[in-house]
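Trainee: make a model of this:
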Amino acid sequence: MMYKHGHSVLKIVDHSKYFEVKIVPALLDNYMYIIVDKYKKEAAVIDPVEPERIKDILDDEELQCTLKSAFITHHHWDHAGGNTKLLTLYPGIEIYAGDDRTEGYTKLVKNNQVLKIGNLTVCCMSSPCHTSGHMSYYVTGNHGESPALFSGDSIFLSGCGKFFEGSAAQMFDNMQTLTTLPKPTRIYCGHELTVMNLKFAYKEDPGNLDLADRLEWAKKCRTNAVPTVPSTVEEEMRFNPFVTAINATVLDELRQRRNRFRSHKKNRDSITSLTSSASTSPVDRSGAASAASSGISC
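Mentor: Numbers count the residues shown, from 1 in each chain. As a prediction, the model looks like this:
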């Protein structure tokens, strides 16, 4: 299914019989995620910057799930900017966030706090650096099976977020925490940046044929407007140079080189023809374009 304003097709990932994730494109290269407990018919959304699109999808669902909550990874507008509208579309919904700067939040959460989406379990994981209040969400089935990590702008596929409000030591800790999660854990990040990240990773390690193959796979996905997310913890331990960095100093130097590499590559590797040809949009995209080109959000 292709959305008129989307940079990617809608993709659905089945984690188990009753646990699925819908990957929903937003803005120029953002992703929103709908988490569904099909048994309880309850849903939650991650970073609903375009809430009308979320509503359209849920209204079209045969299962007719009830949206109960939203989980916001950080306060930047391209993740939290739809919260106020979401509250008007779904009065009474809980909007959880780890930062009191987050627009429209209803409840603040703390590190290791546990919440529920139907029978699914959500563990809040503080992941500061990109922003000081950044929160990732670790979701599992009723018995701890089929884990998923919604990492926002902390950990990307083969990359990491910029250090806007934190240090390399904090990001290094985030990466170390990632490696303690079960290897099959699927990782859902906040932006489609995989091709550019892999280009950088391959530049750093040009003899790595596995990286070359991974890059070709990612390019093929994006040519067909297919999301490259999710990855897994095991894959990031193979393909993400920020995960394999041996200490914070190495990671910091790597991030600085990535910043310079990106400054010469302004194409966000999204299917821009889809967004540029759209005549209408549920949000103002002028800010999205400037943020995308300047790297403000990630």
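Trainee: so which strand or helix has V122?
Mentor: strand 120-126 (DSSP states H and E).
Trainee: contacting residues around that strand?
Mentor: Defining contact as Cβ atoms under 8 Å, 6 or more residues apart in numbering, one finds that strand 120-126 is touched by 19, 35, 37, 44, 71, 96, 98, 109-116, 134-142, 144, 149, 177. For every residue, glycine as well, the C-beta is placed using N, CA and C.
Trainee: which of the helices or strands spans the closest residue to D210 other than its chain neighbours?
Mentor: Closest residue to D210 apart from its sequence neighbours, by Cβ to Cβ, 6 or more residues apart in numbering: R238 at 6.7 Å. Using DSSP H and E, the element containing R238 is helix 233-239.
Trainee: now do that helix: which elements does it pack against?
Mentor: helix 168-180, helix 209-223, helix 241-244 (3 or more Cβ pairs under 8 Å, 6 or more residues apart in numbering; DSSP states H and E).
Trainee: next, count neighbours for K110.
Mentor: By other Cβ atoms under 10 Å, 9 other residues sit near K110.
Trainee: what distance do you get for the closest residue to it other than its chain neighbours to A97?
Mentor: In this structure, K110 finds its nearest non-sequential neighbour in C124, 6.7 Å apart by Cβ to Cβ, 6+ apart. Distance from C124 to A97, counting by Cβ to Cβ, to the nearest Å: 10 Å.
Trainee: so what sits against both of those two?
Mentor: With Cβ under 8 Å, 6+ apart, C124 and A97 have common neighbours 109, 135.
Trainee: low-confidence ranges, the stretch 151-298 of the chain, go.
Mentor: Residue ranges of the stretch 151-298 of the chain with pLDDT under 70: 262-297.
Trainee: at 80 what do you get?
Mentor: 262-298 (pLDDT under 80).
Trainee: give the burial count for the closest residue to P241 other than its chain neighbours, as a bare number.
Mentor: Computed as Cβ to Cβ, 6+ apart, the closest residue to P241 that is not its neighbour in sequence is A201, at 5.1 Å. For A201, the count of nearby residues is 23 (other Cβ under 10 Å).
Trainee: now do the strand or helix carrying A201 and helix 209-223, the angle between them.
Mentor: Under the criterion of DSSP H and E, A201 resides in helix 194-204. Going by axes from the mean of the first three to the mean of the last three Cα atoms, to 10 degrees, helix 194-204 is angled at 160 degrees with respect to helix 209-223.
Trainee: what about E145, neighbour count?
Mentor: 12.
Trainee: how close does it get to T121?
Mentor: 10 Å.
Trainee: got it, and E253?
Mentor: For E253, the distance to T121 - Cβ to Cβ - is 37 Å.
Trainee: who has more neighbours, those two?
Mentor: Of the pair E253 and T121, T121 is the one with more neighbours under other Cβ under 10 Å, namely 17 against 12.
Trainee: so what sits opposite that one in the bridge?
Mentor: Per DSSP bridges, the residues bridged to T121 are K116, T140.
Trainee: can you mark which positions in stretch 208-224 are buried?
Mentor: For stretch 208-224, burial by neighbour count (16 or more other Cβ atoms under 10 Å) applies to 208, 211, 214-215, 218-219, 221-222.
Trainee: check stretch 235-251 too.
Mentor: 235-236, 239-245, 248, 251.
Trainee: now it - C-alpha only, PDB.
Mentor: Extracted in PDB, the C-alpha atoms of stretch 235-251 (Å, rounded to 0.1, in the frame of the first residue of the first chain):
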ATOM      1  CA  GLU A 235      22.500  -7.200  12.600                       C
ATOM      2  CA  GLU A 236      23.500  -4.000  14.200                       C
ATOM      3  CA  MET A 237      26.300  -5.800  16.000                       C
ATOM      4  CA  ARG A 238      27.500  -6.800  12.500                       C
ATOM      5  CA  PHE A 239      26.800  -3.700  10.400                       C
ATOM      6  CA  ASN A 240      26.800  -0.700  12.800                       C
ATOM      7  CA  PRO A 241      30.200   0.900  13.400                       C
ATOM      8  CA  PHE A 242      28.800   2.900  16.300                       C
ATOM      9  CA  VAL A 243      27.800  -0.300  18.100                       C
ATOM     10  CA  THR A 244      31.200  -1.900  17.500                       C
ATOM     11  CA  ALA A 245      33.200   1.200  18.600                       C
ATOM     12  CA  ILE A 246      35.500   0.000  21.400                       C
ATOM     13  CA  ASN A 247      35.100   3.100  23.600                       C
ATOM     14  CA  ALA A 248      33.500   6.600  23.800                       C
ATOM     15  CA  THR A 249      36.500   8.300  22.200                       C
ATOM     16  CA  VAL A 250      36.400   6.100  19.100                       C
ATOM     17  CA  LEU A 251      32.700   6.600  18.900                       C
END
